[in-house]
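Engineer: sharing a model prediction with you, sequence too.
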Amino acid sequence: MQHSPVFARERVTIVAVLNVTPDSFSDGGRWVGHDEHPDVEAVVREARRLAAEGAHVLDVGGESTRPGAAEVPVARELARVLPVVEALAKSVRLPISIDTRKAEVARAALEAGATVVNDVSGGCFDPRLLDVAARAGATVVLGHMRGVPATMQDAPHFDDVLAEVGDELAARVAAAEAAGVAPERIVVDPGIGFGKRLEDNLVLLARCGELAERLGRPLLVGPSRKRFLGALTGDPVEARDTATVAACAVAVFAGASALRVHDVAGAVRAAAVGQALRAARAGQGAPAGAAAGAGP
Ligand code: HH2
C-alpha cells in the first residue's frame, strides 16, 4: 500500500499541537481569549517556531476534548479555527490538520487549506465527517474513543485493551474506507487518555506496534502532557514535557510512526532515539551520521 504523503513511511511524523481554545488542559487560552477571537498573528509566529523545531504537520483544534469537557457549538468552533487555518495555509508551508469531531468544521477547514482531518472519535461522533474527508481527498486520523469527553472517564473498563481497541479501530477503518477515504490516507490512533485507565494507556503505548501491524496503517500516539504521565511521575501538567519525551521514545521504539505533541523539539529527539533503538533491535545497526556521537 502507498503511504499518505503527509505521514510518509521513512520518517516519524511530528504533529504539533496548536489549540485555539480558551480551555485546553495544558495550553488553553494561549491564543484565544474569552472573546473567542484567536490572535492570528501570534499563532502564525508560533507555527513558524514549531516548523523550525522540526514539526511536519500543524494540528489546529478549536474544541477541548479533555475529560469532562462539554461540546462546543459548531459556530464557536469555526470562529476559533477558521481564521487560523486560512492564515496558516497562506503563510506556513507545513500541511495543516484540523482536529475536530464535526463534519461542518472539517469541511470549512479543508476548503480553507487543511489536508488532514484528525478526529479523536474516529468518525463516530459525526459520521458525515468521513464523507467530507473522502470527498476532499484528505488524510484522516482515526482516534479510538468510547463515548464523549464529558463522560468517557466514568469507570472505563477493558478486559483486553489491545484486542478491544484493535477491533474497534478496525471497524472505524472499515467505515472510513466505506465512505471512500483512500486506504493509504488512513492513520490510526489508540486514543491515549480517551476513556482509558492508567494501565490501559500503558499497554497501548508499550504495544502500539502490534496494533499498527494488525491494522496495517501508520499509527499516531498523543501522550503529550496527559494525566497518566502525572500519575507515574507526580508532575503537574505544566511540568510533563520530560515524561512526554520518554513516552514518545518508547512509543516509537514499540512501532508508532507519528507523535502528536506540544513540545516539538523534545519529540524530534525522542523520535531519533526511538527509531535508532528500533533499527538496532531489528539488526539494522546505527543510522547514518550517528557514529560521530557514539562516545560517552
Ligand atoms: N489528544 C487530544 C486532542 N487531540 N488527537 C489525536 N489524534 N490523538 C490524541 O491523543 C489527541 C488528539 C487532547 O489533548 P490536547 O489537544 O492537548 O487537549 P484538549 O483536548 O484539552 O484541547
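Structural biologist: The structure has been received and is ready for your questions. Residues are numbered from 1 along each chain as shown.
Engineer: what count of nearby residues applies to residue 111?
Structural biologist: Residue 111: 13 surrounding residues under other C-beta atoms under 10 Å. Any C-beta I mention is one placed from the backbone N, CA and C, and that applies to glycine too.
Engineer: for residue 236, same thing?
Structural biologist: 9.
Engineer: quick one, phi/psi of it?
Structural biologist: Main-chain dihedrals, residue 236, degrees, to the nearest 10: phi -70, psi 170.
Engineer: surely it and residue 227 touch.
Structural biologist: No. Using C-beta atoms under 8 Å, residue 236 is not in contact with residue 227, being 10.6 Å away.
Engineer: show me the strands in this protein, by range?
Structural biologist: For the chain, applying DSSP state E gives strands covering 13-19, 57-61, 96-99, 116-119, 139-143, 186-189, 220-221, 258-261.
Engineer: helices or strands up against the first one?
Structural biologist: Spelled out, it's strand 13-19. helix 40-53, strand 57-61, strand 258-261, helix 264-281 (3 or more C-beta pairs under 8 Å, 6 or more residues apart in numbering; DSSP states H and E).
Engineer: for the stretch 101-250 of the chain, what spans make up the helices?
Structural biologist: Counting by DSSP state H, counting those that start in this stretch, the stretch 101-250 of the chain has helices at residues 103-111, 128-136, 161-179, 198-206, 208-215, 227-233, 241-254.
Engineer: to residue 55, which of the ones you listed lies closest?
Structural biologist: Among the helices of the stretch 101-250 of the chain, helix 241-254 comes nearest to residue 55, with 13.5 Å by C-beta to C-beta.
Engineer: quick one: that closest one near the ligand?
Structural biologist: No. Judged by C-beta under 6 Å from any ligand atom, helix 241-254 stays clear of the ligand, getting no closer than 10.5 Å.
Engineer: check which residues of that helix are buried.
Structural biologist: Across helix 241-254, burial judged by 16 or more other C-beta atoms under 10 Å covers 241, 243-254.
Engineer: perfect, I'm done here.
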